[in-house]
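[1] take this sequence and fold it.
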Amino acid sequence: MAKVIMIQGTMSGAGKSLLAAGLCRIMKRDGYRVAPFKSQNMALNSFVTEEGLEMGRAQVMQAEAAGLAPLVCMNPILLKPTDHTGSQVIVNGQVLGNMSAREYFSYKRELIPDIKRAFRKLEELADIIVIEGAGSPAEINLRENDIVNMGLAEIVDAPVLLVGDIDRGGVFAQLLGTLMLLTETERKRVKGLIINKFRGDRSLLDSGIEILEERGGIPVAGIVPYMDIQLEDEDSLTERFGKKEKGKIDIAVIRYPRISNFTDFNVFEQISEVSVRYVASAEELGSPDMIFLPGSKNTMSDLDWMRRNGLEAAVKKMAEKIPVCGICGGYQMLGEEISDPAGMENGGTMKGMGFLPVITRLKHEKVRRQVHGTVNKMEGFFSALSGLAFEGYEIHMGNSVDQTQAFLSEAAFMTGKNKNVCGTYIHGIFDKAAIATTLVTALAKKKGLSIEDKSCMDYKDFKEKQYDALADILWEYLNMEEIYGILREANIR
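    Take a look at the predicted model:
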């Protein structure tokens, strides 16, 4: 059986995902077969495996750090919020249905057999499994039916490393307060504490660490500095949305309420003279050089939101002069019409933005698949992309058809009369260095600019360097000898 260690946090955003990824890379470099696991993830950034199954991107990142192809057994349950009180529930990579928060709370223990089967499958592949919790184990109102924090630790008999975020303040209260709210049995599972995102003089913490270990009765296994690592973060708490500075080339991404898979644009952040801004109002939009309409978990509601706050009108006006590209839900918005006869989102029919000659019908069936090929012949601004190789994946409800009723999935990009506007269903299409570099070069040429740093490596290669950098930092600041010791003594009972 695989050895197991679990990363839990005092709150969402404490750094569990990155720490789990870093441990996966360290253990891989130390010669172990290591795999990530998270029983339940809530996220709008998702991925499609080679088998056509959907999973959260955090476990994809961790799998890459471990040197593995992503498998849906690493994340058997994915919740994709559809509104403030409900989510689409995905089990073993396939849609189970939509549930309100209360419905899911009552139902989720029915999924324990699925969690156990997924974990057993992973045990066949790994020497060590690094598990990520969700939120905080001290959410006492959720303890009864917990399947992702201490409830999961009990199921798989996992020792726990508890992580606190010092950058937000109150880290000693976070850690000691969490321990205080755990049951005695749960506290026994916590074998090490980690202080994350520290800035400043390490010696100033010494007295606090001494008191923390004395009162908590648990050793501090590491004090990790604030890291400048460019990897995917938890979508609901990303710091990317707060960036407002403008580069020589300024890319604006519309940040609607149900934005999904904004990881499509991370690749452009490699290029120092390019800025990627996420904007939620016409005022924030300003005068960018290009606009992206990203994916959406509720296309009709998000288009209505754009319509009501003036962003649709602003984008339409700017499309006369600058390129606009829609991906997945954004692509659907750029068409003539979106209809929802099955009530998958809002029901009914609404007009699209009218740029592309396509009609979208939302259906129960979700398209999930990986795709690759070459970009079809393009005209206007996007002509430079014609013939370039791409790969990516599709996740969408329903189909879009053009005037000939042909299914448009196989075409990389679709344009209409306005050659400044295009759409695609393919997530990750810019991850190939040639496509991202060509697009930035075309934007610079359009502005009459010379950009010194206009090239980037394939995003996969870039992420590999980031995983190594992450592992180097954690190796220096975590007590890995102690963590390996916890693994050797992993039987808690």
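[2] list the neighbouring strands of the longest strand seen in the chain plus their orientation.
    The longest strand of the chain (DSSP state E) is strand 359-374. Paired strands of strand 359-374, with direction, are strand 337-340 (parallel), strand 389-401 (antiparallel) (DSSP bridges).
[3] helices or strands up against the helix or strand following the longest one?
    Following the chain from strand 389-401 toward its C-terminal end, the next helix or strand by DSSP states H and E is strand 414-415. In this structure, strand 414-415 makes packing contacts with strand 421-424, judged by 3 or more C-beta pairs under 8 Å, 6 or more residues apart in numbering; DSSP states H and E. Glycine gets a C-beta too; all of them are placed from N, C-alpha and C.
[4] quick check: mean pLDDT across the longest helix belonging to the chain?
    In the chain, taking DSSP state H as the definition, the longest helix is helix 459-477. For helix 459-477, mean pLDDT is 95.
[5] next SSE after it?
    Taking DSSP H and E, what comes next after helix 459-477 is helix 480-488.
[6] give the buried residues for that following helix.
    M480, E482, I483, Y484, I486, L487 (16 or more other C-beta atoms under 10 Å).
[7] ramachandran angles for the closest residue to D468 other than its chain neighbours?
    Among residues not flanking D468 along the chain, R25 sits closest, at 6.8 Å (C-beta to C-beta, 6 or more residues apart in numbering). With angles defined as degrees, to the nearest 10, R25 sits at phi -70, psi -40.
[8] look up how far W475 lies from R25.
    9 Å (C-beta to C-beta, to the nearest Å).
[9] show me what the helix or strand encompassing S87 is packed against.
    Following DSSP H and E, one finds S87 within strand 86-91. Helices and strands touching strand 86-91, by 3+ C-beta pairs under 8 Å, 6+ apart, are strand 77-81, strand 94-100, helix 101-107.
[10] okay, now E50: neighbour count?
    Neighbour count for E50, taken as other C-beta atoms under 10 Å: 11.
[11] helix, strand, or coil at it?
    coil (DSSP: H, G, I helix; E, B strand; the rest coil).
[12] let me see the contact set for it.
    Residues in contact with E50, defined by C-beta atoms under 8 Å, 6 or more residues apart in numbering, are A69, Q370.
[13] hang on, the earlier thing: reformat the helices and strands packed on strand 86-91 as a markdown table; add mean pLDDT.
    Listed next are the helices and strands packed on strand 86-91 as a markdown table, based on pLDDT from 0 to 100:
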| stretch | mean pLDDT |
| --- | --- |
| strand 77-81 | 95 |
| strand 94-100 | 94 |
| helix 101-107 | 94 |
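[14] quick one: which of these is nearest M306?
    strand 77-81 (18.7 Å; C-beta to C-beta).
[15] got any ranges where the stretch 301-450 of the chain has weak pLDDT?
    403-411 (pLDDT under 70).
[16] swap in 80 and give it another go.
    For the stretch 301-450 of the chain, applying pLDDT under 80 flags the ranges 398, 402-411.
[17] what pairs with the residue lying closest to M99 once chain neighbours are set aside across the strands?
    Distances taken as C-beta to C-beta, 6+ apart put V89 closest to M99, at 5.3 Å, once the chain neighbours are dropped. On the basis of DSSP bridges, V89 is bridged to L79, G97.
[18] correct me if wrong: M55 contacts N75.
    Yes. If you go by C-beta atoms under 8 Å, M55 and N75 touch, sitting 4.3 Å apart.
[19] looking at those two, which is more packed in?
    N75 (32 against 27).
[20] for stretch 123-136, output the C-alpha coordinates as PDB.
    Provided in PDB are the C-alpha atoms of stretch 123-136 (Å, rounded to 0.1, in the frame of the first residue of the first chain):
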ATOM      1  CA  GLU A 123      -2.500   3.200  -4.700                       C
ATOM      2  CA  GLU A 124      -1.700   0.800  -7.500                       C
ATOM      3  CA  LEU A 125       0.300   3.500  -9.300                       C
ATOM      4  CA  ALA A 126       2.200   5.200  -6.400                       C
ATOM      5  CA  ASP A 127       4.600   4.700  -3.500                       C
ATOM      6  CA  ILE A 128       3.400   8.000  -1.900                       C
ATOM      7  CA  ILE A 129       0.100   9.800  -2.300                       C
ATOM      8  CA  VAL A 130       0.000  13.500  -1.400                       C
ATOM      9  CA  ILE A 131      -3.500  14.500  -0.500                       C
ATOM     10  CA  GLU A 132      -4.900  18.100  -0.500                       C
ATOM     11  CA  GLY A 133      -7.800  19.100   1.800                       C
ATOM     12  CA  ALA A 134     -10.300  21.900   1.100                       C
ATOM     13  CA  GLY A 135     -11.000  25.000   3.000                       C
ATOM     14  CA  SER A 136     -10.400  24.300   6.700                       C
END
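[21] hang on, the earlier thing: quick one: which of the helices and strands packed on strand 86-91 is nearest L293?
    Per C-beta to C-beta, nearest to L293 of these: strand 77-81, 18.6 Å.
[22] that closest one - contacts with which helices or strands?
    strand 40-42, strand 54-56, strand 86-91.
[23] to G448, which of those lies closest?
    Judging the helices and strands packed on strand 77-81 by C-beta to C-beta, what sits closest to G448 is strand 54-56, at 42.3 Å.
[24] can you list the strands that that closest one pairs with?
    strand 46-48 (antiparallel).
[25] show the average pLDDT along the partner strand.
    96.
[26] could you tell me which residues within the longest strand of the chain count as buried?
    So for strand 359-374, counting by 16+ other C-beta under 10 Å, buried means I359, T360, R361, L362, K366, V367, R368, Q370, V371.
[27] again, but for stretch 96-109
    Buried residues in stretch 96-109 (16+ other C-beta under 10 Å): N98, M99, Y104, K108.
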